[in-house]
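Student: The following block contains a protein sequence and its predicted model.
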Amino acid sequence: MSSATTTRGWDEFMEGIWKQNPVFVMVLGMCPTLAVTVSAINAISMGIATTFVLIASCGLVSLMRRIVPKEVRIATYIVIIATFVTAVDYFIQAISLALYDALGAFIQLIVVNCIILGRAEAHASKTPPLPAMVNAAGMGAGFTIGLLALGVVREILGNGTLFGLSLFGAGFQPWVIMVLPPGGFFVLGTWLLFFAWRARRKQSAEVTQHA
Amino acid sequence: MGTVEIRPAPHIRGERTVEKIMLNVVYSLVPVCLFYIYQYGISAFASILVVTGACLLTERWFVKTGTQSGNLADYSATITGMLLALTLPPGFPLWMGAVAGFVAIALGKGLFGGLGFNVFNPALVGRAFVQAAFPTAIATYTPSFLPGRFLEFIPSSLAWPLMMPADAATWLKAKQLDALAGATPLAKWKFEGILAEAGDLLTSLAGHMAVGPSPLLILACGAYLAFRRYLDWRIPTAILGGAGAVAWLLYLFGPGHYPNPFFMLFSGGLILGAVYMATDMATSPVTPRGMWIYGGLIGLLTVVIRYYSGLPEGVMYAILIGNAATPLIERITQPAPFGKGVFGGARKGASYPLHPGYISREEAGAVTPKKRILKNKPKADERRTPNS
Amino acid sequence: MLKTLGLVSGICGLVIVGSYQGTYEAVAANKRIAMERAVFKVVPAAKSIEEYYALDGGSIAKAGAEAPAGAVKFFAGYDEAGKLVGVAAAGGAKGYADTVRIMFGYDPACQCVKNIGVVSMRETPGIGDKIVKDKEFLANFEQLDAKLNAEMNALAHEIKTVKHGSKADAWQVDAIAGATITSRAVGKAINDTAQALLPKLVPNLDKIKDKS
C-alpha cells in the first residue's frame, strides 16, 4: 500500500517534469519563459517563485475544493493565486532588489501564468491537498528546468558566463542577439525542435518494436 | 518488360531546370567575387570560402535528413554562400561567417522545407542574424586596395571561434591610415556628413574606400542574367527606380539635407541586393504587376530606413520586408481570368488579349522551384510496411 | 457562497498582511542600501548621506514621507567630519529602448558634475550599455561644467551631448560612437535635473553645508 502510494506520488511529481513539461510539451507560460531567461540566475529565481505560488495556491485550492461554489471558482482561484504572488513579490524585494529589478513586472504577471490557473482548475480542484501539492511541485520543477534550459544557453552565448562566472575569459565575443527578445525565440524554438525530434524518434522506435 | 509510366501534365519540359538557372547565377557571380578578392585580398577570399563552405555543409546535413526538397547539386546553397559573403565586411571574423552561413541555410531555408519553400532570402536571414548578434563586428569595415592585401589577413578575420576579433583601428593606424577610412560611405554620410563621389562608388576602383564590389560590374552581370531570362528585369528596375525616385524627390525638397540620388543608388548594397537578392525566385512575386509593386516597396523602404533610422544601411531589412509582403502582393495582383472583370463579374463586349507578361516566367515551360505542392514524405510507419 | 468568499478573502488578506509585515523591514533596508550605494558611487568622498528636498521658494527641507509640490529630491553627502562634500541627484530621459535613469554627483566646490551612475536602463547590450563602462565616455564626467548664470535661475550653459569627437567646451558631453542616442539621453537627463535642482540648491548650499 505504502509503496503503491509512493509510486503514485512519484508519478504525480514526474508528470510535470517530463511528460507534461509546461515549457517544452504544453508550451504554457511563454511570457516569462521568453522574457526573463536572459541569465541562468534569473531563470532559476523565476522558476522558484512560480513553483512556490503553484504549490501554495494548489494546496489552498485543493483544501477548499468542496466549499467553493462552482459559479465563482475561477474568481476565487485568481484571488488565491494573486495573494501568493503578492507575498512572493515582497519576499523577492526583501531578498534582493537587484533580482527584483531584473525580473521586473514578470513577478506580478505570475498571476496570469496559465500554468498555475490551469493546474488549479484541472487538477487541484479535484484532488486531495497532498497529491495536488506534489503534482504542483512537479509542474513547478518542470517549469524551472525549462526556464533554466533557456537561461543557460542564453547566458553562455549572450554573455559568456554561467551563473555570473566567466567561462571563456575576457576576450569572449558576446552574441548580443541572445540577450535580446529574438534570442529567446531562437533558443526556445531550438529546444522545442529537439524535444519534438526526440518524441518522434521514440514514437517510431515504439512502432518498430510492436510490429 | 518495360513499365508504362502514367503521369499528369506537363509532358514536355523546357530546358531550363533549377540546376541550370542556379549554375548560371553562380557563373555570373564569379566575376563579382573575383573583383571582391582583388579589392580586399586574401581575407575576402577566405571569407567567401568559409561562408560558402558553411552553407554547403549545412545544406548537406539537411538534405541527409530527407525532409526537404532540393539537393547539393542544385547550386542554390553555393549562391547563398557567395551572396552572403559579399554582403559581409571583408575582415568579418571567419567563425562568425561560418555562423552566418549555418543560420542562413538552417533557419532561412532548411526549416521551411528546402529550396523553393523558403519565405525569406536565406542569405539575408543569415546576415540579419549576425547583424543582431555581432553589431560591432559587422559595422567594422577596412579600406580596399591596401598594399600587401594578398599576403596578409585583416587581423579581425582570424579571430578564434567565440572570441572577440582584433581591433581593426589599431591595425589601420599601424598602416598610417585614418581610422575613418574604415567607415563605409553610407556610415560616413550618416554620422559625419561626408559625401562620397558617385562616380567612385560606381566603379569601386578609387583606393582606400570601404565599399563592396563595383556596382557597375554587378549591373553588367545582372544584365547578362536578365538577357538570358534567368532573372526578371522588372524587379531590379523597380527597386532602383523606386529608390532613385524617392531619393530624388527628397533631394529636390532639401538639397543640403539629403544626398543626391546617385549617391543613394550606388552606395551600400543596394545594387547587389536589387540584382541578386530581391530577384530570388522563391521569395519574390510571380505576377508582373506584383514585381513592380514589390520592387517599388523595397526601393522606398531602403531610402526611408537609410534616412530616418539609426542604421546607415537599410537594403537588407527592406528586402526582408518585401519578401514577407510577397504573398499579399501576389494575392492582390492576380491577373483576372479570361472573361472576368476586375470586380468579379463578366464584362460584356470586352476583349482580353493574353498579355505576354502574364506568362513571363512560366514561358517555355520553365521549371522553377516556385509553388510546388509539398509532397508528403512517407511517414515512418509507412516506410516500414514492406518489411513487416 | 458569501461565507465561502468571505473565508477565502480572509485567508488571503491574512497571508498578504503577514508577508508585508514580515518583509517590511528587510525591503526598506534593501532599498536604502541600494540608494546609498548609488549615491556613494557618484560622491565617493561621502561617508554618510542625508536626503533633502529643494523647494520652490528657495528653501531646503529634510525629506519626509510626503514630497511637497515642485520639490526636487537630492542627496547630500558628508565626510567623516560632517562637512558637505557633494550632492547627488537622480534623473531620467528617453533612451533607445526605454528611459535611462541615472544618478549624478554635483561638486559644489568646482560647480561641476562629477561621476555618473546608471540606476536602470534597457539599452541594447554591447552598444547602448557602453555608458556604464566606456572610459572615454565616463571621462566626460570628471569635470562637467554646471555653473549657474548670473541671475541664478538656470545653468550658464546647457549641458549637451555632442557627436563623438566634437567636444569643444567643458559643458559638452562627448557621445559614444555608435551609441549616440543613449549618450544623448544621459546628457539630457543630467541637464533636465540640473536645470531644475541647481537654481534652487546653489543659493542655499550654506544651509546644508554641515551635517545636521
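Tutor: Everything's here; your move.
Student: how near is the most centrally placed residue in chain A to chain B?
Tutor: In chain A, the centroid-proximal residue (C-alpha atoms, centre = their mean) is A:F143; its distance is 2.0 Å. Separation of A:F143 from chain B (C-beta to the nearest C-beta, to the nearest Å): 26 Å. In short, each C-beta sits where N, CA and C put it, glycine included.
Student: Quickly find the element holding that residue.
Tutor: Using DSSP states H and E, A:F143 sits in helix A:129-159.
Student: Show me which residues of that helix are buried.
Tutor: Within helix A:129-159, the residues scored as buried using 16 or more other C-beta atoms under 10 Å in any protein chain shown are A:129, A:131-159.
Student: Now do stretch B:103-123: distance from first to last residue.
Tutor: For stretch B:103-123, the first-to-last residue distance is 9 Å (C-alpha to C-alpha, to the nearest Å).
Student: And stretch B:152-166, by the same measure?
Tutor: Termini of stretch B:152-166 sit 14 Å apart (C-alpha to C-alpha).
Student: So it, near chain A or not?
Tutor: Yes - Stretch B:152-166 lies within reach of chain A by C-beta under 8 Å from any C-beta of the partner chain, at B:A159, B:W160, B:L162, B:M163, B:M164, B:P165.
Student: What about the residues you listed, which one has the most neighbours?
Tutor: B:P165 (24 neighbours; other C-beta atoms under 10 Å in any protein chain shown).
Student: contacting residues around that residue?
Tutor: For B:P165, the contact set (C-beta atoms under 8 Å, 6 or more residues apart in numbering or on different chains) comprises A:Q173, B:G91, B:P93, B:A137, B:T140, B:P155, B:S156, B:S157, B:A159.
Student: between the residues you listed, which is closest to chain C?
Tutor: Relative to chain C, the closest of the contacts of B:P165 is A:Q173; by C-beta to the nearest C-beta it sits at 9.5 Å.
Student: separation between that closest one and chain B?
Tutor: Relative to chain B, A:Q173 is positioned 4 Å away (C-beta to the nearest C-beta).
Student: which phi and psi does the closest residue to that residue other than its chain neighbours have?
Tutor: In this structure, A:Q173 finds its nearest non-sequential neighbour in B:M164, 4.4 Å apart by C-beta to C-beta, 6 or more residues apart in numbering or on different chains. Main-chain dihedrals, B:M164, degrees, to the nearest 10: phi -70, psi 140.
Student: Per-residue pLDDT of B:M164, please?
Tutor: If you check B:M164, the pLDDT there is 81.
Student: can you give me the strands in the chain?
Tutor: I went with chain A, as the question did not name one. With DSSP state E, the ranges of strands along chain A come out as A:161-162, A:165-166.
Student: actually it's chain C I care about, not the one you picked
Tutor: C:48-54, C:60-62, C:72-78, C:84-94, C:99-107, C:112-120, C:144-145, C:160-162, C:172-174.
Student: a markdown table for the ones you listed, including mean pLDDT?
Tutor: A markdown table is the format used below for these (pLDDT from 0 to 100):
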| stretch | mean pLDDT |
| --- | --- |
| strand C:48-54 | 80 |
| strand C:60-62 | 74 |
| strand C:72-78 | 83 |
| strand C:84-94 | 85 |
| strand C:99-107 | 86 |
| strand C:112-120 | 83 |
| strand C:144-145 | 81 |
| strand C:160-162 | 83 |
| strand C:172-174 | 85 |
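Student: wait, which of the ones you listed is closest to chain A?
Tutor: Nearest of these (C-beta to the nearest C-beta): strand C:112-120, 6.4 Å.
Student: Look up how far C:A179 lies from whichever residue of the stretch 251-388 of chain B sits closest to chain C.
Tutor: Residue of the stretch 251-388 of chain B nearest chain C, by C-beta to the nearest C-beta: B:G310 (6.7 Å). Here the criterion is C-beta to C-beta, to the nearest Å. By it, B:G310 lies 10 Å from C:A179.
Student: Give me the more crowded residue out of these two.
Tutor: Legend: neighbour count by other C-beta under 10 Å for B:G310 and C:A179, higher for C:A179 (25 against 13).
Student: My guess is B:V18 contacts B:L115. True?
Tutor: Yes - B:V18 lies in contact with B:L115 (C-beta atoms under 8 Å); the separation is 7.2 Å.
Student: These two: who's more crowded?
Tutor: Shown here are B:V18 and B:L115; by other C-beta under 10 Å, B:L115 has more neighbours (24 against 21).
Student: hang on, isn't that one packed against B:Y75?
Tutor: No - under the criterion of C-beta under 8 Å, B:L115 is not in contact with B:Y75, lying 10.1 Å apart.
Student: so where's chain A shaky on pLDDT?
Tutor: Scanning chain A for pLDDT under 70 picks out the ranges A:1-6, A:211.
Student: Around chain C, which positions in it sit nearby?
Tutor: For chain A, the residues in contact with chain C (C-beta under 8 Å from any C-beta) are A:60, A:64, A:67-69, A:71-72, A:76, A:79-80, A:82-84, A:86-87, A:90-91, A:93-98, A:101, A:158, A:174, A:176, A:179-180.
Student: contact partners of stretch B:253-265?
Tutor: With C-beta under 8 Å, 6+ apart as the test, stretch B:253-265 has contacts from B:185, B:189, B:195-196, B:198, B:201, B:215, B:240, B:243-244, B:247-248, B:250-251, B:270-271, B:303, B:306-307.
Student: can I get the CA coordinates of it in CSV?
Tutor: This file holds the C-alpha atoms of stretch B:253-265, laid out as CSV (Å, rounded to 0.1, in the frame of the first residue of the first chain):
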residue,chain,number,x,y,z
PHE,B,253,13.0,69.4,-51.3
GLY,B,254,16.2,69.7,-49.3
PRO,B,255,19.4,69.5,-51.4
GLY,B,256,21.5,70.5,-48.4
HIS,B,257,19.9,68.0,-46.1
TYR,B,258,19.6,64.9,-48.3
PRO,B,259,22.4,63.5,-50.5
ASN,B,260,22.0,63.4,-54.3
PRO,B,261,20.1,60.3,-55.6
PHE,B,262,23.2,58.9,-57.4
PHE,B,263,25.0,58.6,-54.1
MET,B,264,21.9,56.7,-52.7
LEU,B,265,21.8,54.3,-55.7
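Student: Okay, buried residues for it please.
Tutor: Quick answer for stretch B:253-265 (16+ other C-beta under 10 Å): B:Y258, B:P259, B:P261, B:F262, B:F263, B:M264, B:L265.
Student: Looking at the residue nearest the centre of chain B now. What's its pLDDT?
Tutor: Nearest to the mean C-alpha position of chain B, by C-alpha atoms, centre = their mean, lies B:M277 at 2.2 Å. At B:M277, the pLDDT value in this model is 91.
Student: surely it meets B:L124?
Tutor: Yes - in terms of C-beta under 8 Å, B:M277 counts as a neighbour of B:L124; the distance is 6.0 Å.
Student: what residues do the two have in common as contacts?
Tutor: Common neighbours of B:M277 and B:L124, using C-beta under 8 Å, 6+ apart, are B:I319.
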